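# With the sequence up front, the predicted model follows.
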Amino acid sequence: MKAAVVCANEDVKYMDYEEPQVGPGLVKIKVKASGICGSDIPRVLHNGVHFYPIVLGHEFSGDVVEIGEGVTTIKTGDRVSGAPLIPCMKCDDCQNGNFSLCRHYSFIGSRQQGSNAEYIVIPEQNAVTFDKSISYEQGAMFEPSTVALHGLFQNDYKGGEYTAVLGGGTIGMFTMQWSKIFGAKKVVVFDISEERLALAKRLGADEVINTSLEGYKEKAMELTEGKGFAFVFETAGQIPTMHMAFELASNKASVCFIGTPHENLSFTPAMWENMNRKEFKLTGSWMSYSSPFPGKEWKLTAHYFATGQLKFDPGFIFKKMPMSEAQEAFQMFKTPGLVKGKVLLVNEE
């Protein structure tokens, strides 16, 4: 088969590659679309892979073309998305259903062959079927949707409250939508890009606030009757928004950091005192899995995409490119601020 193979740092070659074979309990998928995740960028551009050569890609969709012995829940012709985590299922964390915390896991697209190829073989339990009314482009966006929903579950989310989503990227857009589906009183999205804020409004945000403008905090507090937000989700992984989360939280709030920072993060005593004085709860969120594996995050994404309540907008996609142009796709990320949205690699018929 053909695959986009990372052969060395900054060197992705579209080349002949050994086609994976189906074994017991496995399913073979003809990949239709494979998204470039933010975590893939350092893998390609900064020597961030576990080994060379490697085929990356863990946000994908396609059609099942072959099933292995013992497979009962998936059939050929099914349209599926792939859950990339392969937990050990034996450690204490796995036994307790905390698959995201498994320390002995494998991961599709980083520790074993990923989806930037014509075909991929994955365990039956990792194949998530979805309705044929859902496009392959949407199917490749299951993983970011499930990351957002896992954050809600981590934050013990309940409806009827003011909710702040800090960061208008893909994860932020899904976090906003899940908050709405779960009955938020009002959801406000914060970002510095008018384009992303406009997308948030199209997808159903009650209010949007540009944090690059003066007086944004006063406006935010007005929207909450001066109380602040009972639920705060930081999705950007940026230092300013992580500080902002502490400021916008109400008394007894629940604050969740979904975003991953890439710089040193520090707080002044006054900033940190926000948590003490407000007695809010702060938690992190990692990946997107629950019991039974891969979890309700994946089942609910398939369901709400199919009903249309979880919306998909062309604004999610920055560019669709042939799999053969993977090298050019990754090179775009070397220009700061150029890529706004998801880059999808697609296999042409």
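Arrived safely.
# Tell me the spacing between Ala326 and Ser115.
11 Å (C-beta to C-beta, to the nearest Å). (Glycine included, C-beta is placed from N, CA and C.)
# More neighbours: these two, which one.
Ser115 (32 against 26; other C-beta atoms under 10 Å).
# Could you pull up the residues touching the more buried one?
Val31, Ser34, Val55, Gly57, His58, Glu59, Phe60, Gly62, Gly82, Ile108, Gly109 (C-beta atoms under 8 Å, 6 or more residues apart in numbering).
# wait, is the first one part of a strand?
Yes: inclusion of Val31 in a strand is indicated when DSSP: H, G, I helix; E, B strand; the rest coil is applied.
# Domain parsing of the chain, as residue ranges.
Here the domain parsing of the chain from automatic domain parsing is 2-143+288-346, 156-284.
# Name the nearest of the contacts of Ser115 relative to Ala205.
Glu59 (23.4 Å; C-beta to C-beta).
# which non-adjacent residue is nearest that closest one?
Leaving out its chain neighbours, the residue that sits closest to Glu59 by C-beta to C-beta, 6 or more residues apart in numbering is Gly35, at 3.7 Å.
# wait, isn't that neighbour in contact with Ala140?
Yes: proximity of Gly35 to Ala140 meets the contact threshold set by C-beta atoms under 8 Å, at 4.7 Å.
# what touches both of the two?
The contact lists of Gly35 and Ala140 share Glu59, Phe60, Lys342, Leu344, where a contact means C-beta under 8 Å, 6+ apart.
# Assign a three-state SS to the spatially most central residue of the chain, would you?
With distances taken as C-alpha atoms, centre = their mean, the residue of the chain nearest its centroid is Pro144 (2.0 Å). Per three-state DSSP, the local secondary structure of Pro144 is helix.
# Spit out the contact partners of it.
Residues near Pro144 by C-beta under 8 Å, 6+ apart: Glu59, Thr170, Ile171, Phe174, Lys342.
# part of a strand, is the third one?
No: in this structure, Ile171 is helix, not part of a strand, as judged by three-state DSSP.
# sorry, back to before: separate out the buried members of the contacts of Ser115.
Val31, Ser34, Val55, Gly57, His58, Glu59, Phe60, Gly62, Gly82, Ile108, Gly109 (16 or more other C-beta atoms under 10 Å).
# tell me which of those residues is nearest to Phe231?
Glu59 (26.0 Å).
# Need the per-residue pLDDT for the closest one.
Note on Glu59: pLDDT of 96.
# now swap in Pro336 and tell me
pLDDT for Pro336: 88.
# Mind jotting down where the helices sit in the stretch 51-200 of the chain?
Using DSSP state H, counting those that start in this stretch, the helices assigned to the stretch 51-200 of the chain run over residues 92-95, 136-139, 142-154, 170-181, 194-202.
# quick one, phi/psi of the residue nearest to Ala33 when sequence neighbours are not counted?
Among residues not flanking Ala33 along the chain, Ala140 sits closest, at 4.1 Å (C-beta to C-beta, 6+ apart). For Ala140, the backbone dihedrals (degrees, to the nearest 10) come out as phi -80, psi -10.
# what sits against Ala140?
Counting by C-beta under 8 Å, 6+ apart, Ala140 makes contact with Lys32, Ala33, Ser34, Gly35, Glu59, Phe60, Ser61, Ser81, Lys342, Leu344.
# Surely Ile120 touches Val22?
No: assessed by C-beta under 8 Å, Ile120 is found out of contact with Val22, at 10.9 Å.
# the more surrounded of those two?
Each of Ile120 and Val22 has its neighbours counted (other C-beta under 10 Å); Ile120 has more, 28 against 16.
# From the buried ones among the contacts of Ser115, which land in strands?
Taking DSSP state E, the ones among the buried ones among the contacts of Ser115 that sit in strands are Val31, Ser34, Val55, Glu59, Phe60, Gly62, Gly82.
# Thank you kindly, that will do.
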